[in-house]
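Engineer: how would this look folded up:
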Amino acid sequence: MTVSKQPEVRVNERIRVPQVRVIGDDGQQVGVVPVREALALAQSRGLDLVEVSPTARPPVCRIMDYGKFKYEQNRRARKAKKKQHQMQLKEIKMRPKIDDHDYEFKLQHARTFLLARDKVKVTVTFRGREIAHQDIGYKLIQKVIGALADVSLVESTPRSEGRTITTVLMPKAPKTGIKDHKPGAAPEAKPGAAEARPRIEAGTKE
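Structural biologist: All right, here's what the predicted structure looks like:
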């Protein structure tokens, strides 16, 4: 059996009570009047009688343009929905022999994604005989986790998948009283930021 959807509010002839408390279209109290009188008053102004507080005794009704009211209500709902951020999964890829500049560049990208409320998948990819040095990949992953600890939490712990090591970071909940991040602003220098990245031992071929 199909159940018909009930209207969100009762309007005009759908208001079936003897008396209602009426608020005019100017926001002023009209008073408690018979529902037929309230409906006639609304119709005389080319407007609708809308029940806004059905549980009150007597129910409270307001004289308004219901069509315009619904339009504005839907418009605000659509606008609010657009403002809601849909979290995405971004990815940054690194090599175990990544140089300092590339490392900092990708780290900044990851930070930007996290501050924009997106998750970040960090992937370290091995080529050739680099796979024999997975410990270097794990150290690099842990270094990234530590560098982003102020803005992220580990959602998926580092794990090996074929020739890659991956982890997933999720953004921390924003703290009250903390200023919003400004795009393009340089992050504060962190201790050890200038340390050299892990390297594959000399003689290892890709």
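Engineer: hey, let's count contacts and neighbours off CA atoms from now on
Structural biologist: OK.
Engineer: Downstream of the helix ranked longest in the chain, the next helix or strand is which one?
Structural biologist: Counting residues, the longest helix found in the chain (DSSP state H) is helix 66-83. Proceeding N to C from helix 66-83, the next assigned helix or strand is strand 89-94, under DSSP states H and E.
Engineer: Which strands or helices does that following strand pack on?
Structural biologist: The contact analysis (3 or more Cα pairs under 8 Å, 6 or more residues apart in numbering; DSSP states H and E) places strand 89-94 against helix 100-115, strand 119-125.
Engineer: for whatever helix or strand comes next after the last one, packing partners?
Structural biologist: Scanning forward in sequence from strand 119-125 by DSSP H and E, the next helix or strand is helix 134-147. Secondary-structure packing of helix 134-147 (3+ Cα pairs under 8 Å, 6+ apart): strand 119-125, strand 152-161, strand 164-171.
Engineer: let's see it at 7 Å
Structural biologist: For helix 134-147, there is no helix or strand it packs on, judged by 3 or more Cα pairs under 7 Å, 6 or more residues apart in numbering; DSSP states H and E.
Engineer: Okay, buried residues for it please.
Structural biologist: Residues Gln134, Ile136, Gly137, Tyr138, Leu140, Ile141, Lys143, Val144, Ile145, Ala147 are the ones in helix 134-147 that count as buried (16 or more other Cα atoms under 10 Å).
Engineer: next one: stretch 146-159
Structural biologist: Of all the residues in stretch 146-159, those buried under the rule 16+ other Cα under 10 Å are Ala147, Leu148, Val151, Ser152, Leu153, Val154, Pro158.
Engineer: could the residues you listed be laid out in a markdown table, adding distance to Gly24 and pLDDT?
Structural biologist: Below are the buried residues of stretch 146-159 laid out as a markdown table (distance: Cα to Cα, whole Å; pLDDT from 0 to 100):
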| residue | distance to Gly24 | pLDDT |
| --- | --- | --- |
| Ala147 | 60 | 96 |
| Leu148 | 57 | 96 |
| Val151 | 51 | 95 |
| Ser152 | 52 | 95 |
| Leu153 | 53 | 95 |
| Val154 | 56 | 95 |
| Pro158 | 64 | 94 |
